[in-house]
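Enquirer: below are the sequence and a predicted model for it; my questions follow.
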Amino acid sequence: GENVEQHPSTLSVQEGDSAVIKCTYSDSASNYFPWYKQELGKRPQLIIDIRSNVGEKKDQRIAVTLNKTAKHFSLHITETQPEDSAVYFCAAIISGGKLIFGQGTELSVKP
Amino acid sequence: GAVVSQHPSWVICKSGTSVKIECRSLDFQATTMFWYRQFPKQSLMLMATSNEGSKATYEQGVEKDKFLINHASLTLSTLTVTSAHPEDSSFYICSARGPSGNEQFFGPGTRLTVL
């Protein structure tokens, strides 16, 4: 079935450094790729998304890139801050409008 | 806009009892809602798609007779965990598909603990 693979599972960076999380997807028909930040016990919060007709999107310190040919998409966070520490999930939309989530990346930003 | 509420936020029940969780879209109509389950330190796993006025469609491995879904109106979907057992203890999250068709808006989740 369709799946989304996410790496790394944990990521520790120093405050001010950049963080990169990568995902691959299997369904070539997927055309919408959101990224979520989830804090412990809370709902996933959409931080950025990208559609398949765009290769890159940026919102302040956060950017997402998409390579449809390779079925890869990545999240880039620059100038990381301690409050960026959370679990991040990538996802891809498949048939029926269903979202399939990656396994998650636990990001720790050390002051 | 695009707010989804969920009730209750947490529930503790005895093994063998049934628990109902409500998911509401507060400021938009949602013909499609989704139910997810999340175990500690794991990802969100889609359980089922809830369609207003029709039967829910369940993902492979999810027992439809155990997890009853009803989507009787454009703003409300309910998930009933029947005959709950300790292994059903989890964080249940609903989402509603927004007007644009792609973005999903998530409820705050329900922490279920079965003793």
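Expert: That came in fine, so what should we check first? Computed from a predicted model, the values in this text were never measured in an experiment. Numbering: from 1, shown residues only, chains lettered A, B, ... in the order given.
Enquirer: just checking, B:Leu112 touches B:Val11?
Expert: Yes: counting by C-beta atoms under 8 Å, B:Val11 is a contact partner of B:Leu112 at 5.6 Å. C-beta here means a position set from N, CA and C on the backbone, and glycine is covered the same way.
Enquirer: got any residues that touch both of the two?
Expert: B:Val19, B:Ile21 (C-beta atoms under 8 Å, 6 or more residues apart in numbering or on different chains).
Enquirer: show me what from chain B comes close to chain A.
Expert: Residues of chain B that fall close to chain A, judged by C-beta under 8 Å from any C-beta of the partner chain: B:32, B:34, B:42-46, B:49, B:57, B:60, B:91, B:93, B:95, B:97, B:101-104, B:106-109, B:111.
Enquirer: going through those residues, which ones are buried?
Expert: Among the residues of chain B next to chain A, those classed as buried by 16 or more other C-beta atoms under 10 Å in any protein chain shown are B:32, B:34, B:43-46, B:49, B:91, B:93, B:95, B:97, B:103-104, B:106-107, B:109.
Enquirer: which of the residues you listed fall in strands?
Expert: Using DSSP state E to define strands, the subset of these located there is B:Thr32, B:Phe34, B:Met45, B:Leu46, B:Thr49, B:Phe91, B:Ile93, B:Ser95, B:Arg97, B:Gln104, B:Phe106.
Enquirer: can you tell me which residues contact the closest residue to the first one other than its chain neighbours?
Expert: It refers to B:Thr32. Take B:Thr32 and drop its neighbours on the chain: the residue closest to it by C-beta to C-beta, 6 or more residues apart in numbering or on different chains is B:Arg97, 4.5 Å away. B:Arg97 makes contact with A:Gly97, B:Ala30, B:Thr31, B:Thr32, B:Met33, B:Phe34, B:Glu103, B:Gln104 under the criterion C-beta under 8 Å, 6+ apart.
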